[in-house]
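Peer 1: sharing a sequence plus its predicted fold:
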Amino acid sequence: MPEVQRFHFHTMRNLKASQGKNTEVAYRLATFRPEREAKIIGATLGLLTCSIDDHRKGCVELYVAVTYNQARPSRYRNWVQLKRDFLFYSQRDVYTEPTSPNDLVMNTFLPAGHYFLAGPERPVNVYAGALNSLPWDTLYDVFGCIYYTVD
């Protein structure tokens, strides 16, 4: 049985306060382009931001998508682009403090014998997105790992 290898990604960034209109960003965080064909068997996706004392003032929405899609999210409908054609996806709408690790991290593994292929001609992108409707700046963190094997 081949050894399971890992491709890690992480960012921590500031997200400016809403100024009457939501502050939003969407971008390519990482690209997994192995030198030879790899079989992606799972992923861990994590989304974290500061706690919110008063959810009536707004929220923070965080997104991460692992996808074959090579198009960079546009400012128009970027959330829709992150939510479709993905291999793995996680979203977190933050109104209150997390109550368990499951609120922050999602682990997904494909059934035994199933996988997504990646390689030099078939890269896999990790896209991140964040939206702030709060009247103050906040920090957010997108992190994770793609699990794969190489024969």
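Peer 2: Nice, I can see it.

Peer 1: from here on, just use CA atoms for contacts and neighbour counts.
Peer 2: OK.

Peer 1: show me where this structure has its helices.
Peer 2: For the chain, the helices defined by DSSP state H occupy 78-82.

Peer 1: check it and tell me which residue is nearest its centre.
Peer 2: By CA atoms, centre = their mean, the chain has its centre lying nearest to residue 64, at 1.7 Å.

Peer 1: where along this structure do the strands fall?
Peer 2: Counting by DSSP state E, the chain has strands at residues 5-15, 23-32, 38-49, 60-67, 88-94, 105-109, 116-118, 124-132, 138-149.

Peer 1: any idea how far the residue lying closest to residue 89 once chain neighbours are set aside is from residue 142?
Peer 2: Nearest residue to residue 89, sequence neighbours excluded (CA to CA, 6 or more residues apart in numbering): residue 65, at 4.4 Å. Separation of residue 65 from residue 142 (CA to CA, to the nearest Å) stands at 10 Å.

Peer 1: thinking again about what came up before, could I get the strands of the chain as a markdown table with mean pLDDT?
Peer 2: Formatted as a markdown table, the strands of the chain follow (pLDDT from 0 to 100):
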| stretch | mean pLDDT |
| --- | --- |
| strand 5-15 | 96 |
| strand 23-32 | 90 |
| strand 38-49 | 95 |
| strand 60-67 | 92 |
| strand 88-94 | 87 |
| strand 105-109 | 93 |
| strand 116-118 | 97 |
| strand 124-132 | 92 |
| strand 138-149 | 95 |
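
Peer 1: quick check: neighbours shared by residue 65 and residue 142?
Peer 2: residue 128 (CA atoms under 8 Å, 6 or more residues apart in numbering).

Peer 1: what about residue 26, neighbour count?
Peer 2: A count of nearby residues for residue 26, using other CA atoms under 10 Å, gives 21.

Peer 1: close enough to count as contact, it and residue 126?
Peer 2: No: assessed by CA atoms under 8 Å, residue 26 is found out of contact with residue 126, at 10.8 Å.

Peer 1: if I look at residue 20, how far off is residue 45?
Peer 2: On the measure of CA to CA, residue 20 and residue 45 end up 31 Å apart.

Peer 1: which one's more surrounded, the two?
Peer 2: Per other CA under 10 Å, whichever of residue 20 and residue 45 has more neighbours is residue 45, with 25 against 9.
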